[in-house]
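S.K.: prediction below, plus the sequence it came from.
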Amino acid sequence: MFSLRLADDLELSLLEERDAEELYALVDANRTALQRFLPWAAAATLEAEQAFLRASLERFARGGGFDGGLRVGGALVGALGVFNVRWEVGRAEFGYWLAAPYRGRGLMTRAVAGLARVMFEEQGFNRLEIRCERENLPSRRVAERLGFRHEGTLRAIHPALGGRAADLEVFGLLRSEWSAARERQERIA
């Protein structure tokens, strides 16, 4: 099982089927805030979370990324995943969300920095991306704090509330840029 200790009480670990009820309860408690930028949250059910976790574990087994649970003191507080993995070019995307009571503490910044370190320094990835809606300022700030460069806007590409298509901002970080980003991360920690 994948597990990454990020601080004394902060850990990122692979989400498993046994986490379905805890994951669903967290999504349900944060549904209103999450669905603003993550359309899947509006229709989340326990059964949907169980199916998601099964599919996620299959993707992990194939080397196609993973979905991790961010835990503070053992309690699930959010998720950070890796997807759209392209091993042949060393590229992957990060996606993440955090429960409302845990926002603004730097937890996700610390988690993304720790996972980026593993992917660049241990897994040999060359490029990491974060994509988020323009109005999702907390997600944008995570990318910016860690040195990801704003590379452009994908217009009207992401499903959003009310059936509209939202713009996604694309942030990228190359392994060659990682040392400067790591220095930034160490100042945050």
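M.R.: Structure's in. What do you need? Numbering: from 1, shown residues only.

S.K.: what about the closest residue to residue 145 other than its chain neighbours, which helix or strand?
M.R.: In this structure, residue 145 finds its nearest non-sequential neighbour in residue 109, 5.3 Å apart by C-beta to C-beta, 6 or more residues apart in numbering. C-beta here means a position set from N, CA and C on the backbone, and glycine is covered the same way. Using DSSP states H and E, residue 109 sits in helix 107-117.

S.K.: CA atoms of that helix as CSV?
M.R.: Coordinates of each C-alpha in helix 107-117 appear next as CSV, following Å, rounded to 0.1, in the frame of the first residue of the first chain:
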residue,chain,number,x,y,z
LEU,A,107,-2.1,21.1,4.3
MET,A,108,-2.8,20.6,0.6
THR,A,109,0.3,22.6,-0.3
ARG,A,110,2.4,20.3,1.9
ALA,A,111,0.7,17.2,0.4
VAL,A,112,1.2,18.3,-3.2
ALA,A,113,4.8,19.2,-2.5
GLY,A,114,5.5,15.9,-0.9
LEU,A,115,4.0,14.0,-3.8
ALA,A,116,5.8,16.1,-6.3
ARG,A,117,9.1,15.3,-4.6
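
S.K.: could I get the buried residue list for it?
M.R.: 107-117 (16 or more other C-beta atoms under 10 Å).

S.K.: from memory the residue nearest to residue 145 sits against residue 144, does it?
M.R.: No. The pair residue 109 / residue 144 is not scored as a contact, 9.9 Å apart, by C-beta atoms under 8 Å.

S.K.: who are the packing partners of the longest helix belonging to the chain?
M.R.: Taking DSSP state H as the criterion, the chain has its longest helix at helix 46-61. Where contact means 3 or more C-beta pairs under 8 Å, 6 or more residues apart in numbering; DSSP states H and E, helix 46-61 is packed against helix 20-29, strand 66-72.
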